[in-house]
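Participant: okay, sequence plus prediction incoming.
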Amino acid sequence: MHPDIVLPSIIVGLLITMVLGFQMLIVESSVDNRLQAEMQSNSALALELIREEIRGLDQILSEPDNALVFRTFAGDSVSISRSGRNLVISRHFAHSQVTDNVTHPLNLSVLEFSVQPDSMPYEFANFIRVFLETSSNPDQHVASSNNKSSARSRSQTDFFLRHKAAVN
């Protein structure tokens, strides 16, 4: 073979490989950015859902840890917990004896509750601290990615129980 014919085809092949490699890098970066934004929005949504439920809190029924169990002003019993990677809100209605379970698929990897200040018994606490973490699954990432890390988002918020503070 003549070197003038082989050399251009090698150069074209290298250029195609470089262009496809850059394209794959752009796709990976785009997917990683989308996943990070999705984990952040899941984290914010989980906090907002918890905030809406806590708004009706009248009495904490058990020491908060991985689940928060409380009674509302209407007498309903509410439990907020994590099941697998989902946020689960269970409400047992006092007037009808019916239990309503709502599952929110938010990719939760951690959900913890605590009362503030720590030295106070949970029945008299004025703040509830919520810490949660959302993380992506490896199958949500680009298949050719050698990076085995996942997109994560952490959130922590203290909810002030205004009505309990006013009574204390």
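Facilitator: Great, that's in hand.
Participant: which residues touch the nearest residue to residue 56 once chain neighbours are set aside?
Facilitator: Spatial nearest neighbour of residue 56, chain neighbours left out: residue 72 (4.1 Å); criterion: Cβ to Cβ, 6 or more residues apart in numbering. Where you see a C-beta, it was placed from the backbone N, CA and C, and this is true even at glycine. For residue 72, the contacting residues are 56-58, 78, taking Cβ atoms under 8 Å, 6 or more residues apart in numbering as the criterion.
Participant: and the residues you listed, which two are furthest apart?
Facilitator: Spanning the widest gap among the contacts of residue 72 are 58 and 78, at 10.1 Å by Cβ to Cβ.
Participant: quick one, which of the contacts of residue 72 are buried?
Facilitator: Buried positions within the contacts of residue 72, assessed by neighbour count (16 or more other Cβ atoms under 10 Å), are 57, 78.
Participant: would you turn the contacts of residue 72 into a markdown table with distance to residue 127?
Facilitator: Rendered in a markdown table, the data for the contacts of residue 72 read as follows (distance: Cβ to Cβ, whole Å):
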| residue | distance to residue 127 |
| --- | --- |
| 56 | 17 |
| 57 | 12 |
| 58 | 16 |
| 78 | 18 |
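Participant: for the contacts of residue 72, which one is nearest residue 20?
Facilitator: The shortest separation between residue 20 and any of the contacts of residue 72 is 53.0 Å, and it belongs to residue 78 (by Cβ to Cβ).
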